[in-house]
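> okay, sequence plus prediction incoming.
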Amino acid sequence: MQAQKPINTKSAIYRILFFTLMISLAIIYIMFTFKGLTSKYGMDQAQIGRQVAKGHGITTKFIRPVALQQLEESNKPVDMYHFYDTTHSPLNVLIYAGVIKAFGGDAPDAYAMSKNQNVYELDRVIAGTCVLFFMISIGINFILISNIFDTKIASIVAILMLFSEHFWNFSKSGLPQMLMLTIFSAACYLIWKAIQRQEAGLSAIVPVILSGFMFGLLALAHWMTLWIFLGYIIFCISYFKPRGISAIFITLTVAIFIAGPLIFNAKNSDGLMGTAYYYINGQTGIAQDYSFRQLSLPAMNVRDLALRVIKTTLFQANQIHTHIGGFFMATGFFLALLHPFKRNSIAAFKWAIFIMWITAALGMSVYGLSSNPLDPNQMHILFMPMMSAFALALISILWARIPLSQQPGIASLIPFIAIILITATPMIINLQNDFRTHQKTVLGYSPYTHNQVLTNYVEDTEIVITDQPWAVAWYADRTAIWLPSDSKQLIKIEEIAEKNRASIVGIFMTPSIRDGNQAMNTQHVYSDLAPLTYNLLGMQLGGVPYAEASPVTKPIVSTTSGRYNYRVPIVESPIQHWSSYAYTLYTNIDPATREQEPDEK
């Protein structure tokens, strides 16, 4: 009988300590310092997931004007109460649907908030799901890097990931990046196995096809990852033998995965890419939002696209350390490309990672990448573990040539300890600040306002036009149309709603409309509807609120002659929810017939 391999007690203790620390940090981030989902795209996917959990299919309560126009121009029916979403890839939405269903979030009035509650509980459920995928990705990368190099480098990368504030911030956003990281890490593992078999003179077709399976899932998590897949195709053609066969197999595999969603998009919009296609118009942020708020389909401007590609490429090059999760050390990967690793498999794998990163960067240049650390198009973060591993391998090789590295104890680990401390310091400092802050909700959002106050004035069968439709759809579970860019388009939206027997009962304005760049560009962003935003500041004209006296918005919100002639100040205690004091609803239904105090929970 073969003797069992003895258990390495020291290694087991370290792994138990790491796992304990990982669980502890997850509890701290989700239960103690969590203020709510931080990304509107995350909220949007969450509310679509709830629609799926309710049995309504991939429908959305967040209606973009450009999506309305797609249906109008393609002569397809418009049902604002059963509006199919063609903006997001479906996988993350379906996972959220399963999780929400499991936690009972699909039931009417599930997780209704109380006055003293700051965080919407389903926000924790969504963030917890993201954290779970983050922890799984750490495990996959540990196994992969242990196979490529050794457990020391794998352990350091795992620690760097765990102490990366960037990863935790994505986990709290509701964005699909942690799901993408898990799938991409699994794909890299299969690519590595395929390369090993190729170098050993064996057939690599099975792991290659399985990697295509993972890339199919990755595309269903975010359409942008097809750019990463493009890089993988190039690598397959140039490396795996017989030439081109592997590339054909993986292309067919991915095509099978994405065929269903593309057909769904074509059926429910004006093309295979659906509304997602228009992300190509303007980099993420106000410019891109503006195109989605238009009742016109943006035309492709090749010159603007070319200039944006050049601009975003330079921006990515200048801020690469920030985009790779703030890991300055990960940029050492580019130096590692010049190092001749002894094993051919490692040399081939590093070029596979590099080619996929190049095509991913190209995709981000085409579709836009803002300076926002939580940009929904952010894909650099997916490469951080592997880039860090190669950089650490190079550092280990160079450090081994220095006599100090041969000393016993902590002296031999000096550069690695320094790297961990530099990486972990921002997270530790900010975590302490999170415990000290008095801000209990995400700045610009008040879930209670939507969940319990707005719902008193807007029924489930009614629709509002708002500057914050993702929050209304998620927290209030009400259908919301994104506020268009001018009054003419507002009238057109009202006409489309009336023609399709949908009831628009009001315009709901939030303080976020005056935040950041929007406040500086209000006239450009909202044109003649800008007075609606000024009214939130308490501006008056002749003793009358500015929006109700302005010639353009008077016919819309005047209390005497406006289409929405009742002004309801949605006000809470400024002490508990200071960000919500300026919420205002202009409605065409007498609030006296609706107003009631929410039940105390």
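Arrived safely, thanks for sending.

> any idea of the pLDDT on the residue nearest to the spatial centre of the chain?
Centroid check for the chain by Cα atoms, centre = their mean gives L175 as the closest residue, at 2.6 Å. pLDDT, L175: 97.

> does it sit in a helix, a strand or a coil?
Three-state call for L175 (DSSP: H, G, I helix; E, B strand; the rest coil): coil.

> correct me, but it touches D44?
No: contact criterion Cβ atoms under 8 Å: L175 and D44 do not qualify, at 10.1 Å. (Glycine included, C-beta is placed from N, CA and C.)

> any idea which element Y534 lies in?
Following DSSP states H and E, one finds Y534 within helix 530-534.

> what is the mean pLDDT for that helix?
pLDDT averaged over helix 530-534 gives 81.

> swap in stretch 334-341?
91.

> can you tell me the distance between the two ends of that stretch?
Start-to-end span of stretch 334-341 (Cα to Cα, to the nearest Å) is 14 Å.

> do stretch 553-560 as well
13 Å.

> any stretches of the stretch 101-250 of the chain with poor pLDDT?
Nowhere does the stretch 101-250 of the chain drop to pLDDT under 70.

> show me where it has helices.
121-148, 151-162, 165-173, 177-199, 205-221, 226-239, 245-268 (DSSP state H, counting those that start in this stretch).

> ok, which of those comes nearest R343?
Among those, helix 177-199 comes nearest to R343, with 8.0 Å by Cβ to Cβ.

> which strands or helices does the closest one pack on?
Counting contacts by 3 or more Cβ pairs under 8 Å, 6 or more residues apart in numbering; DSSP states H and E, helix 177-199 is packed against helix 90-102, helix 121-148, helix 165-173, helix 205-221, helix 226-239, helix 344-367.

> ok and that helix relative to helix 245-268, angle-wise?
150 degrees (axes from the mean of the first three to the mean of the last three Cα atoms, to 10 degrees).

> list the buried ones in helix 177-199?
177-198 (16 or more other Cβ atoms under 10 Å).

> ok now stretch 22-34, how far from the chain's centre?
For stretch 22-34, the distance from its own C-alpha centre to the chain's C-alpha centre is 20 Å (Cα atoms, centre = their mean, to the nearest Å).

> what comes up buried for that stretch?
M22, L25, A26, Y29, I30, T33, F34.

> pull the CA atoms of the helix holding Y534 into CSV?
Only the C-alpha atoms of helix 530-534 are listed here, as CSV (Å, rounded to 0.1, in the frame of the first residue of the first chain):
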residue,chain,number,x,y,z
ALA,A,530,-32.8,72.7,-17.0
PRO,A,531,-35.2,74.8,-14.9
LEU,A,532,-36.5,71.5,-13.4
THR,A,533,-33.0,71.0,-11.9
TYR,A,534,-32.7,74.6,-10.6
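
> show me where pLDDT drops low in the stretch 301-450 of the chain?
Looking at the stretch 301-450 of the chain by pLDDT under 70, you get 301, 321-328, 438.

> the strands in it, which residues?
Secondary structure of the stretch 301-450 of the chain (DSSP state E, counting those that start in this stretch): no strands present.

> could you chop the chain up by domain?
9-19+124-436, 40-119+443-593 (automatic domain parsing).

> kindly check the end-to-end length of stretch 291-310 for me.
One end of stretch 291-310 to the other measures 21 Å (Cα to Cα).

> buried ones in it, by neighbour count?
When neighbours are counted by 16+ other Cβ under 10 Å, the buried residues of stretch 291-310 are found to be S291, F292, R293, Q294, L295, P298, L305, R308, V309.

> from D477, how far out is A107?
11 Å (Cβ to Cβ, to the nearest Å).

> neighbour count: those two, which is higher?
D477 (20 against 12; other Cβ atoms under 10 Å).

> roughly how far apart are the more buried one and A530?
29 Å.

> what do you get for S485?
Relative to A530, and taking Cβ to Cβ, S485 is found at 10 Å.

> what does Q439 give?
28 Å.

> okay, the two: which has more neighbours?
Taking neighbours as other Cβ under 10 Å, Q439 and A530 compare with A530 leading, 20 against 11.

> dump the buried residues of stretch 291-310 into CSV; add distance to T59 as well.
Output for the buried residues of stretch 291-310, formatted as CSV (distance: Cβ to Cβ, whole Å):
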residue, distance to T59
S291, 22
F292, 18
R293, 20
Q294, 22
L295, 21
P298, 24
L305, 31
R308, 32
V309, 34
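
> which one among the residues you listed gets closest to G98?
Closest to G98, out of all of those and judged by Cβ to Cβ, is F292, at 27.8 Å.

> does the closest one touch W482 like I think?
Yes: taking contacts as Cβ under 8 Å, F292 lies within contact range of W482: 6.7 Å.

> now the common contact residues for the two.
Counting by Cβ atoms under 8 Å, 6 or more residues apart in numbering, the common neighbours of F292 and W482 are R64, P65.

> just checking, what packs against the helix holding Y534?
strand 504-509, helix 522-526, helix 546-549.

> now the first one: mean pLDDT?
Spelled out, it's strand 504-509. Here the average pLDDT along strand 504-509 is 94.

> please state the offset of it from the chain centre?
On Cα atoms, centre = their mean, the centre of strand 504-509 falls 27 Å from the chain's centre.

> that one pairs with which strands, parallel or anti?
strand 463-466 (parallel), strand 583-587 (antiparallel) (DSSP bridges).

> how far does stretch 93-113 sit from the chain's center?
So, by Cα atoms, centre = their mean, the centroid of stretch 93-113 is 19 Å from its chain's centroid.

> before we move on, what about stretch 424-436?
Taking Cα atoms, centre = their mean, one finds the center of stretch 424-436 at 23 Å from the center of the full chain.

> report the buried residues of it.
Those would be A424, M427, L431, for stretch 424-436 by 16+ other Cβ under 10 Å.

> check contacts around the first one.
The reference is to A424. F163.

> now the second one
Applying Cβ under 8 Å, 6+ apart, one finds that M427 lies in contact with F163, S164, E165, W168.

> top of those by neighbour count?
W168 (26 neighbours).

> let's have the helices and strands packed on helix 177-199 in a markdown table, adding distance to L585.
Compiled in a markdown table, those are given as follows (distance: least, Cβ to Cβ, whole Å):
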| stretch | distance to L585 |
| --- | --- |
| helix 90-102 | 27 |
| helix 121-148 | 23 |
| helix 165-173 | 28 |
| helix 205-221 | 36 |
| helix 226-239 | 41 |
| helix 344-367 | 35 |
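
> quick one, which of these is packed in tightest?
Burial of the helices and strands packed on helix 177-199 is given as mean neighbour count (mean count of other Cβ atoms under 10 Å); helix 165-173 ranks first at a mean of 24.
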